[in-house]
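Engineer: predicted model and sequence below, questions to follow.
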Amino acid sequence: MSTTELELKPLVVDLFQQLGLYTQASNIANDHNNTDLNTLGLSRLLKKHQIGFSVTNNTAKNLHLSIHPFLVIPQNEPGFIVRRQGHVFEALTGNQWQSIDLTQLNDTAYIFLIESLPTTRKNVNAFAAHMSKRTKWYRPVFWLSLLSSITGLAVPFFTMAVYDRVIGGQSPAILPSIALGGLLAVGILISTRLARAQILSTTSNRFARDLSEITFYRLLHMPLMVLSRVGISNHIARMRNAEKVRMLLSGPGGGGLVDLPFTLIALFAIMFLSGWLVLVPIGMLMLYYLVMQVLNKYVQAASPTISGEYQNAMSELSKNLLQLKAAGDTEAWQTKFIRQSRENSRQNFLYAKRNGLNAAVAHSLSLFTALITVFTGIFLVLDQTISPGALIACVMMIWRITGPAQLAFSSKQKFTMMDIAVKQFDRFMQASTEQSELRLDTPDNTKAPSLAFQHLTLRYKAEGEAALSGVTFDVEPGELVAIIGPNACGKSTLLLSALGVLEAQAGFVTLNGKNLKQYDTEIFRHWAAYSPSQPDIFPGTLAENIRIAKPKASDKEIIDALIKAGGESFFNSINNDLSVDLLGENNAMLSAIEGSYINLARAIIKQSPLMLLDEPLPHRNPLSKATLIETLLNLKGKSTVLFTSHDQELIQHADKVIVLDKGAVVYAGPIPDKATETSKKPDTTESPSTVAMQESPTNG
Ligand SMILES: Nc1ncnc2c1ncn2[C@@H]1O[C@H](COP(=O)(O)OP(=O)(O)OP(=O)(O)O)[C@@H](O)[C@H]1O
């Protein structure tokens with residue numbers, strides 16, 4: 001698209017203002033990451049601010065129903081905002097609205113039609129709401145199904161004509177026209193079926209894609225604590241819900257289910273041909289229903305219950321693989337696995353057996369319906385109430401009723417599954433995310449911020465010990481602050497709270513006097529730099545791994561950041577090659593130290609005014625340690641830096657140390673002068689250097 005990326009941002013800001021969303025507009029204007037906004041970024045922004053929209057072109061009929069101003073982005077020309085005034089469209093030029101003829105536009109222009117504004121009311125029927133967006137597909141499916149059901153009657157009717165008129169009436173001359181008519185009807189039937197299958201699979205694919213996108217987006221924005229509490233298998237199950245919907249609509253049974261209401265056409269045709277004989281299939285359908293109700297219960301009683309346990313055992317196994325291998329104790333796991341595997345097979349076998357019985361009974365009932373119709377119909381034929389051809393046609397049409405009915409009854413389980421999926425989706429959509437509240441402040445990109453921790457108390461589990469307990473201290477802009485203390489005292493938790501990814505149960509963190517909860521989470525985390533204590537390597541090259549933090553970074557910036565992180569020797573060891581595949585065969589076993597260079601390089605390359613570094617110095621060689629210390633010293637005054645460490649030398653350079661013990665602050669202040677320290681010897685709190693000395697140096 002050609003509207004240059006830079007032109008789009010002011011336009012989007014104007015659009016938000018025109019929509020009356022002033023705070024959101026200033027949030028976008030202040031977001032430095034949005035300078036190169038493109039149409040994809042625009043869609044993302046609209047979704048983020050919970051604005052309903054559709055992308056269309058100037059031929060769309062719903063433009064005449066638009067109620068909000070919308071955005072037009074033509075090819076090769078700047079975009080503009082349009083509003084509808086009655087039957088007239090007006091474009092915003094400067095501060096003036098001037099009428100415009102949208103039909104003059106090239107139909108390759110993108111139109112971002114605004115359909116709804118954010119609302120605080122939660123939609124309890126989110127699934128139905130998303131389903132209703134696809135209504136434009138339902139109409140063709142209806143007409144195609146109707147047409148195929150009507151033409152589907154052609155074969156029985158033509159058979160009847162051949163039997164009664166050609167054979168019974170001794171007039172073979174009409175055979176060619178009957179055959180031609182039959183061929184035509186079958187041709188229409190096949191093409192309507194094909195077209196319908198295509199529409200159904202397109203709709204279900206788009207629908208499933210929408211659902212998985214919404215689910216994924218929502219998962220990404222759920223608070224970290226909720227995500228880790230709920231567990232990975234639940235998230236996977238949520239993502240699979242979309243697949244269940246796709247399977248139901250576009251699978252082999254999808255068309256059959258859509259055909260269900262159209263079986264009425266076949267019933268009417270039987271009534272038309274044979275009068276009260278129609279009561280036979282109707283009665284049989286009722287019997288069918290009752291038998292299937294009982295059978296379905298019998299089948300459901302055997303549905304496998306072990307699969308969840310089996311899946312959990314698998315994920316538990318993958319989590320504990322290292323300990324398992326190290327302990328050399330695989331026997332207990334094997335026994336457990338074999339037991340579960342056998343039970344899984346037994347349950348699945350029983351289930352399959354009962355399903356087989358279900359299918360056999362359903363099939364026999366269909367046959368039975370046809371037979372009873374024939375036997376009852378014979379009396380009508382003998383009575384000359386109906387012709388033999390009409391009876392044959394009726395029997396042929398019976399299959400058009402029992403087929404879809406059989407499918408519907410055997411799909412009961414799928415319907416139940418779908419119902420559960422819909423309810424789960426609706427519940428999921430009501431859960432709070434980080435975006436449920438309006439968080440629209442943006443941090444200042446130009447200067448180092450101050451931070452204040454106010455009575456922060458955080459528990460990972462309700463029944464567990466607090467990881468942070470009443471933590472209170474201040475950090476001045478541009479300070480280098482060391483957070484120290486014994487293992488598991490809450491250092492990493494404190495850094496993650498400052499990054500806003502962990503929400504405390506009590507207390508809060510402020511940045512430049514504003515509660516972190518006021519800041520737009522996405523913008524805030526783009527802005528802040530965080531380096532975790534564990535290596536965090538993704539599949540890809542060294543350059544790609546560092547560019548995650550700054551996608552447009554040049555190679556030179558990457559190398560600079562890596563060197564500043566103290567990783568020069570590591571870079572030399574890989575022949576100064578940024579394109580080296582980090583998880584490839586030769587580098588799959590990057591050491592923790594090498595991983596830490598990459599983590600740090602990611603943080604450094606952001607040049608952020610707020611740096612949160614978790615254990616940046618794990619057992620380095622003296623040269624790389626000196627480089628990193630120099631880098632941190634250079635950041636003094638420019639960035640506010642909080643780091644955790646066990647390294648005495650690094651801690652000595654801090655402007656302030658925070659000593660934690662069991663989640664509580666036992667000292668917060670400058671490193672006491674060593675001379676004064678020996679003479680004074682504080683008795684209530686330990687000196688920071690003593691605490692640091694007492695710690696285990698082997699800490700991740
Ligand atoms: N995701 C989690 N779920 C449950 N408990 C956690 C989680 N992360 C940390 N904890 C617990 O919270 C407490 C503080 O952990 P934290 O990692 O913040 O300490 P730390 O001082 O950084 O430790 P270390 O020096 O070993 O890195 C510990 O008791 C730890 O077991």
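Structural biologist: Noted; the coordinates are in hand.

Engineer: and whichever residue of the stretch 101-250 of the chain sits closest to the ligand, what does it touch?
Structural biologist: The ligand sits closest to Ser228 of the stretch 101-250 of the chain, with a gap of 5.5 Å, by CB to the nearest ligand atom. (C-beta placed from N, C-alpha, C; glycine too.) Ser228 sits next to no residue when contact means CB atoms under 8 Å, 6 or more residues apart in numbering.

Engineer: and the residue nearest the centre of the protein?
Structural biologist: Nearest to the mean C-alpha position of the chain, counting by CA atoms, centre = their mean, stands Phe216 at 1.1 Å.

Engineer: and the strand or helix carrying it, what does it pack against?
Structural biologist: Assigned by DSSP states H and E, Phe216 falls within helix 175-220. Counting by 3 or more CB pairs under 8 Å, 6 or more residues apart in numbering; DSSP states H and E, the packing neighbours recorded for helix 175-220 are helix 126-132, helix 135-152, helix 154-161, helix 232-250, helix 254-259, helix 412-430.

Engineer: ok, which of those helices comes nearest Pro670?
Structural biologist: Among the helices and strands packed on helix 175-220, the nearest to Pro670 by CB to CB is helix 232-250 (43.7 Å).

Engineer: what parts of the stretch 251-400 of the chain come near the ligand?
Structural biologist: Residues of the stretch 251-400 of the chain lying near the ligand by CB under 6 Å from any ligand atom: none.

Engineer: please name the bridge partners of the residue lying closest to Leu642 once chain neighbours are set aside.
Structural biologist: Of all residues not flanking Leu642 in the chain, Val481 sits nearest, at 4.8 Å (CB to CB, 6 or more residues apart in numbering). Residues in a beta bridge with Val481, per DSSP bridges, are Leu642, Lys656.

Engineer: distance of Val481 from Asn445?
Structural biologist: Applying CB to CB, to the nearest Å, the value for Val481 to Asn445 is 21 Å.

Engineer: ok so, going back, any idea which helix or strand comes after the helix holding Phe216?
Structural biologist: By DSSP H and E, the next helix or strand past helix 175-220 is helix 224-230.

Engineer: residues near Thr335, how many?
Structural biologist: When neighbours are defined as other CB atoms under 10 Å, Thr335 has 10 of them.

Engineer: show me what from the stretch 1-150 of the chain comes close to the ligand.
Structural biologist: Residues of the stretch 1-150 of the chain found near the ligand (CB under 6 Å from any ligand atom): none.

Engineer: in the stretch 1-150 of the chain, which spans are strands?
Structural biologist: For the stretch 1-150 of the chain, the strands defined by DSSP state E, counting those that start in this stretch cover 52-56, 70-73, 80-85, 88-93, 96-100, 110-116.

Engineer: just say which of the ones you listed is most tucked in.
Structural biologist: Per residue and on average, the most neighbours among those fall to strand 70-73, with a mean of 23 (mean count of other CB atoms under 10 Å).

Engineer: list the helices and strands it packs on?
Structural biologist: Judged by 3+ CB pairs under 8 Å, 6+ apart, strand 70-73 is in contact with helix 5-18, strand 80-85, strand 110-116.

Engineer: apply 6 Å and report the result again.
Structural biologist: If you count contacts as 3 or more CB pairs under 6 Å, 6 or more residues apart in numbering; DSSP states H and E, strand 70-73 packs onto strand 80-85, strand 110-116.

Engineer: could you dump those into JSON lines and include mean pLDDT?
Structural biologist: Below are those laid out as JSON lines (pLDDT from 0 to 100):
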{"stretch": "strand 80-85", "mean pLDDT": "89"}
{"stretch": "strand 110-116", "mean pLDDT": "87"}
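
Engineer: now render those strands as JSON lines, adding distance to Thr373.
Structural biologist: As requested, the helices and strands packed on strand 70-73 are exported to JSON lines (distance: least, CB to CB, whole Å):
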{"stretch": "strand 80-85", "distance to Thr373": "59"}
{"stretch": "strand 110-116", "distance to Thr373": "52"}
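
Engineer: one step back: of all the helices and strands packed on helix 175-220, which one is nearest Ala543?
Structural biologist: Nearest to Ala543 among the helices and strands packed on helix 175-220 is helix 232-250; the distance by CB to CB comes to 29.7 Å.

Engineer: circling back: distance to Gln340 for the strands of the stretch 1-150 of the chain - can I get that in TSV?
Structural biologist: Formatted as TSV, those follow (distance: least, CB to CB, whole Å):
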stretch	distance to Gln340
strand 52-56	46
strand 70-73	55
strand 80-85	61
strand 88-93	65
strand 96-100	67
strand 110-116	48
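
Engineer: which one of those strands lies closest to Ser533?
Structural biologist: With CB to CB as the criterion, Ser533 lies closest to strand 52-56 of those, at 41.4 Å.

Engineer: show me what that closest one is packed up against.
Structural biologist: Where contact means 3+ CB pairs under 6 Å, 6+ apart, strand 52-56 is packed against strand 110-116.

Engineer: quick one: closest of the helices and strands packed on strand 70-73 to Gly41.
Structural biologist: strand 110-116 (12.0 Å).

Engineer: that closest one: how far from the chain's middle?
Structural biologist: The chain centroid and the centroid of strand 110-116 are separated by 23 Å under CA atoms, centre = their mean, to the nearest Å.

Engineer: show me what it is packed up against.
Structural biologist: Other helices and strands packing on strand 110-116, by 3+ CB pairs under 6 Å, 6+ apart, are strand 52-56, strand 70-73.

Engineer: what lines up beside the first one in the sheet?
Structural biologist: Strand 52-56 has the following strand partners under DSSP bridges: strand 110-116 (antiparallel).

Engineer: cool, the shortest one as well?
Structural biologist: Taking DSSP bridges as the criterion, strand 70-73 sits next to strand 80-85 (antiparallel), strand 110-116 (antiparallel) in its sheet.

Engineer: for Pro223, find the nearest of those.
Structural biologist: Nearest to Pro223, of the strands paired with strand 70-73 and by CB to CB, is strand 110-116 at 25.6 Å.

Engineer: next, the angle helix 5-18 makes with that closest one.
Structural biologist: Relative orientation of strand 110-116 versus helix 5-18 (axes from the mean of the first three to the mean of the last three CA atoms, to 10 degrees): 30 degrees.

Engineer: which residues touch strand 110-116?
Structural biologist: Applying CB atoms under 6 Å, 6 or more residues apart in numbering, the external contacts of strand 110-116 come out as Gly52, Phe53, Ser54, Val55, Thr56, Asn57, Ser66, His68, Phe70, Leu71, Val72, Ile73.

Engineer: then stretch 304-319?
Structural biologist: Residues from elsewhere that reach stretch 304-319 (CB under 6 Å, 6+ apart): Ser233, Gln340, Glu343, Asn344, Gln347, Asn348, Tyr351.

Engineer: how close does the last one sit to the ligand?
Structural biologist: From Tyr351 over to the ligand the distance is 37 Å, taken as CB to the nearest ligand atom, to the nearest Å.

Engineer: how many other residues sit next to that residue?
Structural biologist: Tyr351: 16 surrounding residues under other CB under 10 Å.

Engineer: which strands or helices does the helix or strand that contains it pack on?
Structural biologist: Assessed by DSSP H and E, Tyr351 sits inside helix 331-382. Applying 3+ CB pairs under 6 Å, 6+ apart, we find helix 331-382 packed against helix 279-300, helix 306-319, helix 388-410.

Engineer: those: lowest mean pLDDT?
Structural biologist: Here the helices and strands packed on helix 331-382 differ in mean pLDDT, and the lowest is helix 306-319 at a mean of 73.

Engineer: what does stretch 510-523 contact?
Structural biologist: With contacts defined as CB under 6 Å, 6+ apart, stretch 510-523 is touched by 27, 31, 434, 439-442, 449-452, 500, 508-509.

Engineer: helix, strand, or coil at the residue lying farthest from the centre of the chain?
Structural biologist: Residue farthest from the centre of the chain, counting by CA atoms, centre = their mean, is Gln170 at 67.4 Å. Three-state assignment for Gln170 (DSSP: H, G, I helix; E, B strand; the rest coil): coil.
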